[in-house]
Each structure stands twice: as structure tokens, then as C-alpha cells.
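S.K.: using only what follows, build the 3D model:
(chains A and B)
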Amino acid sequence: MTRPRVRFAPSPTGALHIGGVRTALYNYLFARQQGGTFILRIEDTDQNRYVPGAEDYIIESLRWVGLLPDEGVGFGGECGPYRQSDRKEIYQKYAHELVERGHAYYAFDTPEALENRRQAEENFTYNYLTRTGLSNSLTLPAEDVGTRLAGNEPFVIRLKVEPGHEVHIRDLIRGDVTFQSSELDDKVLLKADGMPTYHLANIVDDHLMDITHVIRGEEWLPSTAHHVLLYRGFGWEDTMPQFAHLPLILKPVGNGKLSKRDGAKFGIPVFPLGWTAEKAEDSFTGFRETGFLPEAVINFLALLGWHPGGDQELFSINDLVAAFSIEHISKGGARFDYEKAKWFNQKYIQAADNATLATHIRPLAEAKSYRVSDEYLDCVAGLMKERVTFLPDFVEQGDCLFGPVREYDVETLKKKWNPGFAPVFDDLTSFVAGFEPFQAAALEEAVKNFIHDKGLKPGDILPLLRIALAGTMKGPAVFDMAAALGKEETVRRLILLKEQGEKALQNVVSA
RNA sequence: GGUCCGUUCGUCUAGGGGUUAGGACACGUCCCUUUCACGGAUGAAACACGGGUUCGAUUCCCGUACGGACUACCA
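M.R.: Numbers count the residues shown, from 1 in each chain, chains lettered A, B, ... in the order given. I've put the predicted structure just below:
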């Protein structure tokens, strides 16, 4: 195979949906594996739906997940411009060329007239049957058409679909798909505002940009027959790209495809990055803000609709590039499984080295005004990484490693604190204060001996020690925390614990 | 309604004419650990249905059911 050229062609009508990220990923993987080119094209031919900031959002999202285009808006390349609104004249030229070739025609029907017709006839379609009764260059006298065109009357250009033949598509994922041309409508190619529709723009651009494979969502399958007709009409059929229509990503629960609203509905991210809209209810957080590592998102997305066979679950981007193949993409829709996404994130956090995690934790810690050294952050990362799911968990669940204990687990305290423990804790505090070297393993052995010498069991004291340092029964090993906190802070918390213990006792007595 | 696409454990999926239908998430139990996790072990859990073809179909074919996408001068 010659080096493929593929494109990811989102529309800047809002934030980039996670399904769009997957489409970009599959395009990227295919290009990388085949030594091909991955192109970003912005399809902004609908001026009414344009959303400011959406284009930047798309590019920032691709950067975050690491799917960098070789060519495209913001990335340079020889086949530009890559923003369709900058290519308006090109489409006009080709649209008129298609009319001249006899595969398209001018139509003057107003949107209102067509709307009325649809109201009147249940299944109205603009096609070979109905166009003879409508206002277009196929029915109007030539001079009339000329007058209208010269008089700047609004018009659209429509594809002239000839009835009575079959259109075959060989989809790389679904195999042969056949359409009857008689069932196809005369799609609008060039709109009255001079902009092309998706159908025209995508064919012209894919041809001009030498696209070899079109990997896109399943929602495009029904219109692919029109696209084939367009390639034929232009005489480009011999270089027509191959098609691969991806299965949909479905809602976590219920029926239908995953939609923007599902994020708020289920309290989960469905976008890569957060988005701030004018209205608060239109704003949302993304995978990034939730605390996902981009590698985990990629791994999760890659397996949502594709699997190379075998039992491997964890794939680095390089693994994915090596293993990817279009043939192994599933045909059926894949349900968005957030629990699995969380699991991937957990695995990637576990596998990350402490220094890398520290760079992610630092901004989170600083947002809470915690000031700590890189070394300390490394240490916290090591202590916490096997018990967190999201990045913010490091500073939330690991709060006691950054600041004082704010809340004590009173239930456990009541259960474990005994009358007579006050002097034991005084002794323990002095013992710890005098202990060197202040290192986890040595301290553990020494404290356990201390407990034994007092005629107590580890189970009597260790839980209290934990409460002293962390306030809760959760968290890293006690002596690891002590070593991390340092002698001074450990002693301080031991003293505080005695007060808490006595208080708990009084509550029990008074109750 | 029409056109097209799809259907293996709850979920993501592997497999493919003869298998104890495999793995992962989630869930249950146990072990490790005087915490929480991690980790390990183990359990429950699936070929939508009906006809063919075949010695034999979960796998191939045809229907049915169910689900989905599309059906705009939106992409």
C-alpha cells in the first residue's frame, strides 16, 4: 500500500465529543502504523452553527491526548487551506463544473416552498420523480434560468441522481453495502449562501488533499452512496478513497448514542476538556479536569470498538500503533463504560513514576495553597498512587500529608482509646521524639517493641497511631506516613491524639 | 414510514463449522495486610429467536424480533 493520507474532519459547532476523539484516534493510529499522514481539516461550512472557541478547543483536545496532526489548521501542510470556509471559491468552481458535466443542476425552490411540500406530502423527497415538478434548471426554459442567475436570484446546486442503477460500496469494516440509486435524493451541493454542504466539500477536499482512506462515524454510511456518485460525476472514481464506517458509542444506560447531555445526566465526563459557556448549564468539565491521564483515556477509547485479539488490555500509544488494524474494528455500537475508564486511569496512575505524578499533583496542591518540595511530592505520589483513581485524589484523600488532620474518626477513637492510655501515649511520644534514624522500617520495629514492652498488642496502639497521623482508618502504612511527615510533625500529631482520645472517653462516659 | 447498519456474560470484547465459548471491568467469596488500597486465588455470568445447509451450527444462508443511524440550503 502506498502511504495513506487520512483526515479527521470535525465541525466547530461546539466542544469535541469523546466519540470524535475516538475517530481521530483511529485515523491517527492507522496513519502512524502505515507511515502515512494524519490531517486535521475544519469543516465550518455552516455559518449558522459556528461556535467561537470550538476550533481552539478541538486543537487543544488533540494536543492533550497527544494526537498531533501532520497537516492541518494550526499545523501547516501543502494542501491548505485546511479550513473549509477559506476554500469557498474552490467548491463553487467544482459545483459549477459538475453542472456543466450534467451531473448537477440549479434549483430555485425556496426553503419555505420545500417545507410546505414536506408538510403536504408525508414522504416528500427531492429526487428524479419530483424534480420535474419543481423549479430548477432541468424544468425551466434555458433563458429563464439565465435570467434568474443573472438577476442574482438565490439558487442552490443539487446533485442529479440518475435512477435505475445500483451503487456499491466496499466498506472496510462492514463489507459490501448496496444502494438503489432510485432511493437516493438530489442532495444540495452548494447552498444559497455560496457555501458547500458537507457532501460536496468533503469530496472535493478529500480529492484535492489526496485522501486515501475515509475513517468516520457510522452516521455517514447512508450518504456514502451520494459521495460515490460525486466521485463518479467528477471523474475521480479511480482515486476514490476507501471507506471505513465506525460503530457508534452508546449511552452508559438506556438507548441511543452517547450525547453531550449525558455528561450532566450521569455525572460523568463525555468530553476531553472542560468547556465554559455563557450559560452555566451549558458548561462542563472534561476528562482532563476530572483527573484522567491522557494515556488512560486513549487506551480506554481505543478498546471501545476495537480489539486486536488476545488478552491484552493495557496498550501504550506505541502498542496501539503496532497492533491497530481496521479489520479488527467491531461492527456493533459500544456502550460507554465509565467504570472501565476509571480502571484504566487507576492502572496508568499506578504505573506512572513518582516524578511524573508529582508534576501532575503540584498544580492541584498549589490550588489548595500547599507548599511542598519536589522531593516531598514524589514521596506522596509513591505513598498514594495505589489507592487513588483520579489525580485530585492525591490531595483530597492524601490531605493529611499536606496539612494538619482536620477531622478525626471518632467512632474508631471511642472503640480503641482506653482509660490509662494517656501516660502510655506520653511515653510513646517521648520515645518517638528521641528515635533516630527517623525512617519507616526502623521506626516500625522500635515502636512495635515499645508496644510489646508495655504489655500491649499492636492492635491496641497501631490504629490509634494511624488516627493520630491521618485522622482516618484509611491511607498508606502508618510508619511510611510518619517518615514522610518527619519527626517534628509526627510528635505534634501524637500529642494532639492524646487530647482527642481523652475527649472521646469523656463523650462515652457522659453518654 | 422509507433506506442502510447491527445483535457472544450486566458492560468492553476474543473466538469461529466439532472449544469445559477465553480475557477484562463491575459484582460475590477467600488469601495477603492489625488501616484503606494494591496484589493473588476463586465464583456467578453470554452466543436474541425461528427455519434451513451440514454428520455436526454460536460460527454459513434466509427470515423474525429487537436496537441503532440516516431521512435539512447541519455536519
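S.K.: tell me the pLDDT of A:V508.
M.R.: For A:V508, the pLDDT comes out at 63.
S.K.: quick check, A:G80 in a strand?
M.R.: No - counting by DSSP: H, G, I helix; E, B strand; the rest coil, A:G80 falls outside a strand, being coil.
S.K.: what about it, distance to A:A302?
M.R.: 29 Å (Cβ to Cβ, to the nearest Å). Placement of C-beta: from N, CA and C, glycine included.
S.K.: who has more neighbours out of these two?
M.R.: Taking other Cβ atoms under 10 Å, A:G80 and A:A302 do not tie; A:A302 has more neighbours (22 against 16).
S.K.: ok, that one to A:P294 distance?
M.R.: 12 Å.
S.K.: spit out the contact partners of the closest residue to A:K454 other than its chain neighbours.
M.R.: Take A:K454 and drop its neighbours on the chain: the residue closest to it by Cβ to Cβ, 6 or more residues apart in numbering is A:V424, 6.0 Å away. Contacts of A:V424 were listed using Cβ atoms under 8 Å, 6 or more residues apart in numbering, and they are A:K454, A:L456, A:I461.
S.K.: strands of chain A, start to end?
M.R.: Secondary structure of chain A (DSSP state E): strands at A:5-8, A:37-40, A:71-72, A:104-107, A:156-159, A:166-171, A:175-180, A:188-190, A:213-217, A:242-246, A:249-250, A:334-335.
S.K.: as TSV, those with distance to RNA strand B and mean pLDDT would be great.
M.R.: Output for the strands of chain A, formatted as TSV (distance: least, Cβ to the nearest atom of the strand, whole Å; pLDDT from 0 to 100):
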stretch	distance to RNA strand B	mean pLDDT
strand A:5-8	11	98
strand A:37-40	13	98
strand A:71-72	14	98
strand A:104-107	7	98
strand A:156-159	5	98
strand A:166-171	8	95
strand A:175-180	4	95
strand A:188-190	3	98
strand A:213-217	8	98
strand A:242-246	7	97
strand A:249-250	6	96
strand A:334-335	3	96
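S.K.: okay if I get these as JSON lines plus mean neighbour count?
M.R.: Below are the strands of chain A laid out as JSON lines (neighbours: other Cβ atoms under 10 Å):
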{"stretch": "strand A:5-8", "mean neighbour count": "26"}
{"stretch": "strand A:37-40", "mean neighbour count": "25"}
{"stretch": "strand A:71-72", "mean neighbour count": "23"}
{"stretch": "strand A:104-107", "mean neighbour count": "24"}
{"stretch": "strand A:156-159", "mean neighbour count": "25"}
{"stretch": "strand A:166-171", "mean neighbour count": "14"}
{"stretch": "strand A:175-180", "mean neighbour count": "12"}
{"stretch": "strand A:188-190", "mean neighbour count": "24"}
{"stretch": "strand A:213-217", "mean neighbour count": "22"}
{"stretch": "strand A:242-246", "mean neighbour count": "21"}
{"stretch": "strand A:249-250", "mean neighbour count": "21"}
{"stretch": "strand A:334-335", "mean neighbour count": "18"}
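S.K.: for A:Y26, which of the ones you listed is the nearest?
M.R.: Judged by Cβ to Cβ, the one of the strands of chain A that comes nearest to A:Y26 is strand A:213-217, at 5.4 Å.
S.K.: and the nearest residue to A:E502 once chain neighbours are set aside, how many neighbours?
M.R.: Distances taken as Cβ to Cβ, 6+ apart put A:A422 closest to A:E502, at 6.3 Å, once the chain neighbours are dropped. Look at A:A422: counted by other Cβ under 10 Å, it has 15 neighbours.
S.K.: ok, A:F108 - contacts?
M.R.: A:S135, A:N136, A:L140, A:R148, A:E153, A:P154, A:F155.
S.K.: show the backbone phi and psi for the third one.
M.R.: Backbone torsions for A:L140, taken as degrees, to the nearest 10, come to phi -80, psi 150.
S.K.: for it, give me its contacts.
M.R.: By Cβ under 8 Å, 6+ apart, A:L140 lies in contact with A:F108, A:R148.
S.K.: quick one: it from RNA strand B, how far?
M.R.: With distances taken as Cβ to the nearest atom of the strand, to the nearest Å, A:L140 is found 15 Å from RNA strand B.
S.K.: got it, and the first one?
M.R.: As judged by Cβ to the nearest atom of the strand, A:S135 and RNA strand B stand 10 Å apart.
S.K.: one more: the fourth one?
M.R.: Spatial separation of A:R148 from RNA strand B under the definition Cβ to the nearest atom of the strand is 12 Å.
S.K.: same question for the last one.
M.R.: In this view, A:F155 and RNA strand B are 8 Å apart by Cβ to the nearest atom of the strand.
S.K.: same thing with the fifth one?
M.R.: Computed with Cβ to the nearest atom of the strand, the distance linking A:E153 and RNA strand B is 10 Å.
S.K.: for the residue lying closest to that residue once chain neighbours are set aside, grab phi and psi.
M.R.: Counting by Cβ to Cβ, 6+ apart, A:E153 lies nearest to A:F108, which is 6.1 Å off, once chain neighbours are set aside. When read as degrees, to the nearest 10, the backbone of A:F108 gives phi -110, psi 0.
S.K.: please consider this matter closed, and thank you.
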